Every structure is written in structure tokens, then in C-alpha cells.
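1. Take this sequence and fold it.
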Amino acid sequence: MRTNFLRASMAALWVIACHAALAQTPDADTTPPAPTKGEAKAQRDFKMLDFNGDGKLSRTEVQLFPRLAAAFDDADTDKDGYVSYEEVRVFAAKYREQRDQQRAAAQAAAAASSPRP
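-> I've put the predicted structure just below:
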């Protein structure tokens, strides 16, 4: 049962990271748009991981999640010992950009090394 909880929790964390990167920042002079389905799911998942309901994730709350625990210091940009939802969004966007750059480099390398007819 604990294994199923850990798997579900890791999946939820991954969803947060992926969907948070897709969130849009609203313009200052407009009413914020309704959250997208992905953003709404990311918010729900973040709240699920926020065991004490304080609106931020502590090191204790992420101990069961090795990926987040390992990335905690990078995600905690204000170095207050907690990761806010906004910090998760920023970290996820940074992660996605790095991943996309790595994929593009790998594809370029593969294309360069493949024989041409």
C-alpha cells in the first residue's frame, strides 16, 4: 500500500512540474484568466503534497520524493527553506527548457552522424 502511495505521489509531483511550466502569467492590467485544465490539476496536486496546508512545500513534505528532494535547493529560489507554488512553476519551466535543449542537441548530433544518401 505504501508503494502505491509513493508511486501516486511521484506521479503527482511529475504532473505538477510538467503542467506548471505550461501556466501563463496574466497581464498586469487585465483580469487573470481562468486556469487551464493543466494549471488546475497542477494546483490540486501541489495542494495534495502540501500535507499541512500552509501553501508551500517543506523539506519534510518532499522527503518521500527523491527527485523533488534532490532539486529542492534549486527550486527554493528565495532560500526560505520552502518551495512555493510559484517556485515550482519557475523550476518546471527551467527544467523543461533544459530538457528541450538537450533533446534538440541529441537530435542534431544524430542527424549529423547519420549517413546521407
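2. quick one: low-confidence parts of this structure?
-> In the prediction, the chain carries residues with pLDDT under 70 at positions 1-30, 38, 115-117.
3. the helices in it, which residues?
-> In chain order, the chain shows helices spanning 2-22, 37-49, 59-62, 66-75, 85-113, with DSSP state H as the criterion.
4. and the gap between Lys37 and Gln43?
-> In this view, Lys37 and Gln43 are 11 Å apart by C-beta to C-beta, to the nearest Å. No exception for glycine: its C-beta is placed from N, CA and C like everyone else's.
5. Neighbour count for those two, which is higher?
-> Each of Lys37 and Gln43 has its neighbours counted (other C-beta atoms under 10 Å); Gln43 has more, 16 against 10.
6. Now do the more buried one against Glu86, distance only.
-> Per C-beta to C-beta, Gln43 is found 11 Å from Glu86.
7. What of Asn52?
-> Shown here: Asn52 relative to Glu86, a distance of 18 Å by C-beta to C-beta.
8. quick one, which of these two is more surrounded?
-> Neighbour count, other C-beta under 10 Å: between Asn52 and Glu86, Glu86 has more, with 14 against 10.
9. Tabulate the helices of the chain (TSV), appending distance to Thr31.
-> Written out in TSV, the entries for the helices of the chain read as follows (distance: least, C-beta to C-beta, whole Å):
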stretch	distance to Thr31
helix 2-22	20
helix 37-49	16
helix 59-62	32
helix 66-75	29
helix 85-113	19
